[in-house]
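*Asks:* Give the three-dimensional model of this entry:
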Amino acid sequence: MNTSKGATLNRVFLARLAGTAVFDPNGDQLGKVRDAVATLRANNQPPRILGFIIEVPPRKRIFIPITRVTSIDNGHVIITGLLNMRRFEPRTNEITVLSEMLDRSVTLIETEEKVTVEDVAMELSKTGDWFIERVHVMKRGSGFRKRGASSTVAWSEISGIHIPETHQGVSNLLGTLANLRAADLAAVLHDLNIKRKVEIARALDDERLADVLEEMDETSRVELLAELEGERAADVLEEMDPDDAADLLREVGKEKAQALLALMEPEDAEGVQRLMDYEDYSAGGMMTTEPIVLTADATVAEALARIRLSEVAPGLAAQVFVCRQPLETPTGRLLGVVHIQRLLREPPATLLGGILDSDIAPLAPEATLSEVSSYLAIYNLLAVPIVDSNERLLGAVTVDDVLDHLLPENWRHVESLKRESESN
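*Replies:* All right, here's what the predicted structure looks like:
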């Protein structure tokens, strides 16, 4: 999700944000902002904001990823998605901004003068990430003055907030790997020893680590997941696509899988458990339970807005499934599909019910890998709907899901070796 779409401020001073009420999209207050969490980066680069610590009744502090924040304005913060009610615990290379930075003595690089941090400002970058770009500092007073002059400087103009030496090696490596695609980062991790893999995994945020695990081969990701603390592993599984999380839990063994499912949020765990009940190479075992689903009275404009969301995978963005209520899988009866080409040709106010493709026959969850792949090839589709006996939409199988199952189990490792050979 691009946070900037809902945000009305592109620079936010975090000390002023403390105590701000946090609301859900319906306007119900969930809690209050108490702090922000950031990750320090090498070479004095501005820290990246990972999310907020909010206090919810009764005085419990939990973490909200910045990707869940849709609006930051004077007097309120609005978030979307389910709350993870596990108590916040800081991780490697993370700092709690207000509690660790405010009132801290730092040095102005140009004059070598000692100053005190009074506030820090996060700014929204062109990529949609938030970074601590500005620091409001106060100089030491002199004479009868109790307070010195204050000013706002760039993060690059101060020194004194360092990455702990024990984390320096990991941070330097992360700085080098920061811009890699998830598949390329997974290939790099494959060649590291397990100790360094775990260090890097613990330094990555949940969403990034989830993307990387989805690109790792079976042996490597099972090995890495086994080294993560139970609650951290559950957090990462919640960020994975449900079908990938189900595949991974099948691989770790029944006892471990049930323990991790118990630590996950009930709604996330229910969706993953439902997928685990199907055979791995069946349509039910391959499908994702989070396709784009709208009602017949939704408009083309609404459909395109959903497709534009950055977290929607390309295979799922190619079509909208139109169903009766409820819209969470398993939905009401599937009415049809609207393809993105049709959406782009119609006026924004057009209702989806009037442009349905109802000729696409959905498949049952018991359909085999061969049946699904043949279906996609015959009808030139990127995704196929999967329904139960009552024609309720259970999910969708995309082309990339099918390819993952058609290719040899070690194909990721083979491709990694091939790229390494070509680069040498």
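*Asks:* Could you look up the next helix or strand downstream of the helix or strand harbouring Ala233?
*Replies:* Using DSSP states H and E, Ala233 sits within helix 230-239. Downstream of helix 230-239, the next assigned helix or strand under DSSP H and E is helix 242-252.
*Asks:* How far does the helix or strand that comes right after that next one sit from its chain's centre?
*Replies:* Downstream of helix 242-252, the next assigned helix or strand under DSSP H and E is helix 254-263. Remark: helix 254-263 is offset 22 Å from the chain centroid, using CA atoms, centre = their mean, to the nearest Å.
*Asks:* relative orientation of the helix holding Ala233 and helix 242-252 in degrees?
*Replies:* If you take axes from the mean of the first three to the mean of the last three CA atoms, to 10 degrees, helix 230-239 sits at 140 degrees to helix 242-252.
*Asks:* Using CSV, write out every CA atom in helix 230-239.
*Replies:* Provided in CSV are the C-alpha atoms of helix 230-239 (Å, rounded to 0.1, in the frame of the first residue of the first chain):
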residue,chain,number,x,y,z
GLY,A,230,7.7,-18.6,17.7
GLU,A,231,5.9,-15.3,17.7
ARG,A,232,8.2,-13.8,15.1
ALA,A,233,7.7,-16.8,12.9
ALA,A,234,3.9,-16.3,13.3
ASP,A,235,4.1,-12.6,12.4
VAL,A,236,6.0,-13.4,9.2
LEU,A,237,3.5,-16.2,8.3
GLU,A,238,0.7,-13.6,8.6
GLU,A,239,2.4,-11.4,6.1
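*Asks:* Mind listing what's buried along that helix?
*Replies:* By 16 or more other CB atoms under 10 Å, the buried positions in helix 230-239 come out as Arg232, Ala233, Ala234, Asp235, Val236, Leu237, Glu238, Glu239. The C-beta positions use only the backbone N, C-alpha and C, and glycine is treated the same way.
*Asks:* just stretch 257-268 next, same as before
*Replies:* Using 16+ other CB under 10 Å as the burial criterion, the residues of stretch 257-268 that qualify are Ala257, Leu260, Leu261, Leu263, Met264, Asp268.
*Asks:* The helix holding Ala233 packs against which elements?
*Replies:* Judged by 3 or more CB pairs under 8 Å, 6 or more residues apart in numbering; DSSP states H and E, helix 230-239 is in contact with helix 206-215, helix 242-252, helix 254-263, helix 266-276.
*Asks:* Dump the C-alpha coordinates for the third one into CSV.
*Replies:* Read that as helix 254-263. C-alpha atoms of helix 254-263 as CSV (Å, rounded to 0.1, in the frame of the first residue of the first chain):
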residue,chain,number,x,y,z
LYS,A,254,2.3,-31.2,11.9
GLU,A,255,3.3,-30.4,15.5
LYS,A,256,5.3,-27.3,14.6
ALA,A,257,2.6,-26.1,12.2
GLN,A,258,-0.2,-26.4,14.8
ALA,A,259,2.0,-24.5,17.3
LEU,A,260,2.6,-21.7,14.9
LEU,A,261,-1.1,-21.5,13.8
ALA,A,262,-2.0,-21.1,17.5
LEU,A,263,0.2,-18.0,17.7
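*Asks:* hang on, the earlier thing: out of the buried residues of helix 230-239, which comes closest to Arg181?
*Replies:* Distance to Arg181 across these (CB to CB) is lowest for Glu239, with 16.9 Å.
*Asks:* related to what we said a few turns ago, kindly present the helices and strands packed on helix 230-239 as CSV, with separate columns for distance to Val37 and mean pLDDT.
*Replies:* Below are these laid out as CSV (distance: least, CB to CB, whole Å; pLDDT from 0 to 100):
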stretch, distance to Val37, mean pLDDT
helix 206-215, 12, 89
helix 242-252, 24, 89
helix 254-263, 20, 90
helix 266-276, 21, 88
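*Asks:* can I get the ones you listed in CSV with distance to Thr295?
*Replies:* Formatted as CSV, the helices and strands packed on helix 230-239 follow (distance: least, CB to CB, whole Å):
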stretch, distance to Thr295
helix 206-215, 29
helix 242-252, 22
helix 254-263, 31
helix 266-276, 21
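*Asks:* Next, the angle helix 254-263 makes with the helix holding Ala233.
*Replies:* Using the same axes, to 10 degrees: helix 230-239 against helix 254-263 is 80 degrees.
*Asks:* just to revisit the earlier point, let me know which of the helices and strands packed on helix 230-239 is the nearest to Leu14.
*Replies:* helix 206-215 (21.2 Å).
*Asks:* Looking at the buried residues of stretch 257-268, which is nearest Ile64?
*Replies:* Among those, Asp268 lies closest to Ile64 (CB to CB), at 15.6 Å.
*Asks:* so that closest one makes contact with Val236?
*Replies:* No: at 11.3 Å, Asp268 does not count as touching Val236 under the criterion of CB atoms under 8 Å.
*Asks:* Look up how far Gln258 lies from Val222.
*Replies:* The gap separating Val222 from Gln258 is 16 Å, by CB to CB, to the nearest Å.
*Asks:* swap that for Ala296, sorry
*Replies:* 39 Å.
*Asks:* quick check, nearest of the buried residues of stretch 257-268 to Val12?
*Replies:* Checking the buried residues of stretch 257-268 against Val12 with CB to CB, the nearest one is Asp268 at 29.2 Å.
*Asks:* what sits against the closest residue to that closest one other than its chain neighbours?
*Replies:* In this structure, Asp268 finds its nearest non-sequential neighbour in Glu238, 4.6 Å apart by CB to CB, 6 or more residues apart in numbering. By CB atoms under 8 Å, 6 or more residues apart in numbering, the residues touching Glu238 are Asn84, Asp206, Ala245, Met264, Glu265, Asp268.
*Asks:* Would you check that the fourth one makes contact with Ala234?
*Replies:* Yes: applying CB under 8 Å as the test, Met264 and Ala234 come out as touching, 4.7 Å apart.
*Asks:* ok, the spatially most central residue of the chain - contacts?
*Replies:* With distances taken as CA atoms, centre = their mean, Glu207 lies nearest the centre of the chain, 3.5 Å away. Each residue near Glu207 by CB under 8 Å, 6+ apart is listed here: Pro65, Thr67, Glu239.
*Asks:* Export the residues you listed as CSV, with columns for distance to Pro365 and pLDDT.
*Replies:* What follows is the contacts of Glu207, written out as CSV (distance: CB to CB, whole Å; pLDDT from 0 to 100):
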residue, distance to Pro365, pLDDT
Pro65, 31, 86
Thr67, 31, 83
Glu239, 24, 88
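*Asks:* Closest one to Leu382 out of the residues you listed, please.
*Replies:* Nearest to Leu382 among the contacts of Glu207, with distances taken as CB to CB, is Glu239, at 23.1 Å.
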